[in-house]
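Visitor: please work out how this folds:
(one chain, ligands or ions: 1)
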Amino acid sequence: MPRPISARIHLDAIRNNLRLVKRTASSSRVWAVIKANAYGHGIERIFPALAEANGIALLDLDEAVRVRELGWTKPVLLLEGIFEPADVETADRHRLTVTVHCDDQLALLKAARPRERIDIQLKMNSGMNRLGFRPGEFARAWARASDVEAIGAIGLMSHFANADDGEIDWQIDEFDAATRDLPGERSLSNSAAVLWHARAHRDWVRPGTILYGASPTGCARHIKGFPLAAAMTLSSRIIGVQSLAAGETVGYGRTFTADRAMKIGVVACGYADGYPRHAPTGTPVMVDGVRTRVVGRVSMDMLTVDLTPCPDAGTGAQVELWGERIRVDEVAESSGTIGYELMCALARRVPVSVDAGVTSAHPV
Ligand SMILES: *Cc1c(COP(=O)(O)O)cnc(C)c1O
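Guide: The predicted structure follows:
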């Protein structure tokens, strides 16, 4: 028998979240962002849940090809664009839309002779200072792009630095001022802007993390008003129980000391499964349907939990590490990170199954 740990991916949760995006940004089309192997959920696994998206956005050319091979005929956007001449050929062969964020990428397209023109998203650096043309250069970059034979439609995109915690009007203003006289479809919003900044919705939105039910801020409280469903459940079982006397400690480093006699459950899940080693004592966990806490240090293959609230839980008891009841954001927040990182870091050794839910009525 394999170790009892497993992850389950819920396609209905993703369908639900995608519909919520469509209701929230009701006049926008949706690029479903599935980079990083669909934030750790697996592109092939979640693909059936994406039927209602208008396009798929990701980074990796291999992932883009996989999406085409799965039969996706709607647009596919490469969020970082192309890196070398061979990529233009791939983009041409698979009809990929490519982000263009710098002159080197324009030069690659200028040198290419694709069979069909390649649609691009011209990216503005409106203040994030990661990728893109600065606002003052943007109209000239657009003019250069529109002169390139290989380029088809030119969309205009930018990305927010802090849509998750407030003020983004300055970036929208930069973008609007620099694109005032330019045609083309606009795309600005990541998950946070979809939820909280209607002014940024425009022609296309680009949600990632909320499709999987995780909070853009990394904080579960912040998505209270939105019925997002958790797309991944990580579960395991208790494989051992220890009864501690007051004053005894648990695990490496002896970081937790029992202040009274208590029972400790040993869970088959550790940092080699993707559970954060930084999760401190107090991180929430569900045992036998009862909320309790991690105690002591997370080790490679195991972690330990306080069985005080569920004294009947013995070997074999069900444990939810994260999912619908313990949100991945809660574990992340307790561990000083965000749900994104935990979902993406699910380890290969964890067996994953798919809960297909209702088959979508919309064919791809
Ligand atoms: C990752 C990414 C997104 C999605 O971000 P979320 O915060 O997960 O919604 C959108 N746009 C770009 C350019 C990205 O790289």
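Visitor: helix, strand, or coil at Leu131?
Guide: coil (DSSP: H, G, I helix; E, B strand; the rest coil).
Visitor: list the contacts for the closest residue to it other than its chain neighbours?
Guide: Nearest non-adjacent residue to Leu131, counting by CB to CB, 6 or more residues apart in numbering: His101, 4.0 Å away. The C-beta positions use only the backbone N, C-alpha and C, and glycine is treated the same way. Listed by CB atoms under 8 Å, 6 or more residues apart in numbering, the contact partners of His101 are Glu80, Gly81, Lys123, Asn125, Leu131, Gly132, Phe133.
Visitor: quick one: residues contacting the closest residue to the fourth one other than its chain neighbours.
Guide: Counting by CB to CB, 6+ apart, Gly132 is the residue found nearest to Asn125 once chain neighbours are left out, at 3.3 Å. Counting by CB under 8 Å, 6+ apart, Gly132 makes contact with His101, Cys102, Lys123, Met124, Asn125, Ser126, Ser158, His159.
Visitor: kindly recompute the last result at 6 Å.
Guide: His101, Lys123, Met124, Asn125 (CB atoms under 6 Å, 6 or more residues apart in numbering).
Visitor: got the residues of the protein near the ligand?
Guide: Taking CB under 6 Å from any ligand atom as the contact definition, the chain meets the ligand at Val33, Lys35, Leu79, His159, Asn190, Ser191, Arg206, Pro207, Gly208, Thr209, Pro216.
Visitor: make it 8 Å
Guide: Counting by CB under 8 Å from any ligand atom, the chain comes close to the ligand at 31, 33, 35, 39, 57, 59, 79-80, 99, 123, 157, 159, 163-164, 189-192, 194, 206-211, 216, 340.
Visitor: what about these, which are in helices?
Guide: Per DSSP state H, helices hold the following members of the residues of the chain next to the ligand: Lys35, Tyr39, Ser191, Ala192, Val194, Tyr340.
Visitor: can you redo those as a markdown table with neighbour count?
Guide: A markdown table is the format used below for those (neighbours: other CB atoms under 10 Å):
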| residue | neighbour count |
| --- | --- |
| Lys35 | 18 |
| Tyr39 | 24 |
| Ser191 | 27 |
| Ala192 | 23 |
| Val194 | 28 |
| Tyr340 | 22 |
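Visitor: before we move on, what SS does Asp119 have?
Guide: Put simply, Asp119 is strand when judged by three-state DSSP.
Visitor: mind checking how far the closest residue to the ligand within the chain is from Gly40?
Guide: Residue nearest to the ligand within the chain: Gly208 (2.5 Å; CB to the nearest ligand atom). To Gly40, Gly208 is 11 Å away according to CB to CB, to the nearest Å.
Visitor: neighbours of Phe226, how many?
Guide: Residues near Phe226, counting by other CB atoms under 10 Å, number 17.
Visitor: again, but for Thr337
Guide: Neighbours of Thr337 using other CB under 10 Å come to 17.
Visitor: so, low pLDDT: which residues of the stretch 151-300 of the chain?
Guide: Along the stretch 151-300 of the chain, the model assigns pLDDT under 70 to no residue.
Visitor: pull the longest strand from this protein.
Guide: strand 232-244 (DSSP state E).
Visitor: buried set for that strand?
Guide: Met232, Thr233, Leu234, Ser235, Ser236, Arg237, Ile238, Ile239, Leu244 (16 or more other CB atoms under 10 Å).
Visitor: ditto for stretch 162-170
Guide: Ala163, Asp164, Ile168.
Visitor: hang on, isn't the last one packed against Phe160?
Guide: Which is Ile168. Yes - Ile168 is within contact range of Phe160, at 5.0 Å (criterion: CB atoms under 6 Å).
Visitor: and Leu342, that's in a helix?
Guide: Yes - under three-state DSSP, Leu342 falls within a helix.
Visitor: quick one on the thing from earlier: the longest strand of the chain pairs with which strands?
Guide: Paired neighbours of strand 232-244 in the sheet (DSSP bridges): strand 6-10 (antiparallel), strand 262-267 (antiparallel), strand 318-322 (antiparallel).
Visitor: chain center to the first one: distance?
Guide: A distance of 15 Å separates the centroid of the chain from that of strand 6-10, by CA atoms, centre = their mean, to the nearest Å.
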